[in-house]
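Colleague: Fold the following.
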Amino acid sequence: MLENERVIAYYEKQSDKFVDEYVIEIDLDILSNIWIAYEGDPLYYKIYPVGEGQRGEVEKILCKKLELEKYDYFLECHSV
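Modeller: Here you go, the predicted structure:
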């Protein structure tokens, strides 16, 4: 049976080249405090950008500083 894995992935701003990703384990109630779900996506399966509004909470989850001026970060969900 397939399971879902959530990650914070990041890409170079200049080229959109994939750089790396951090696997995160996070509850839906925490996700809903960070992002507003898109219509029809209550389980956060779609891709959500990480911007200034999400930066602080995502940095706490990752225990890392984000370089938003250098990279584009996204919450992504993958089947594994």
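
Colleague: partners of Glu76 in the sheet?
Modeller: Val7 (DSSP bridges).

Colleague: Am I right that it is in contact with Ala9?
Modeller: Yes: the pair Glu76 and Ala9 qualifies as a contact (Cβ atoms under 8 Å) at a distance of 5.1 Å. All C-beta spots, glycine's among them, are computed from the backbone N, C-alpha and C.

Colleague: Need the overlap of contacts for those two.
Modeller: Glu21 (Cβ atoms under 8 Å, 6 or more residues apart in numbering).

Colleague: pLDDT below threshold where in the chain?
Modeller: Along the chain, the parts satisfying pLDDT under 70 run over 1.

Colleague: which one's the longest helix in it?
Modeller: helix 52-62 (DSSP state H).

Colleague: Just the CA coordinates for that one, please, in CSV.
Modeller: C-alpha atoms of helix 52-62 as CSV (Å, rounded to 0.1, in the frame of the first residue of the first chain):
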residue,chain,number,x,y,z
GLU,A,52,7.6,35.1,4.1
GLY,A,53,4.3,34.2,5.7
GLN,A,54,5.3,30.6,6.3
ARG,A,55,9.1,31.2,6.8
GLY,A,56,9.2,31.3,10.6
GLU,A,57,7.1,28.1,11.1
VAL,A,58,9.0,26.2,8.4
GLU,A,59,12.3,27.2,9.9
LYS,A,60,11.2,25.9,13.3
ILE,A,61,10.1,22.6,11.7
LEU,A,62,13.4,22.2,9.8
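
Colleague: Many thanks, I have nothing further to ask.
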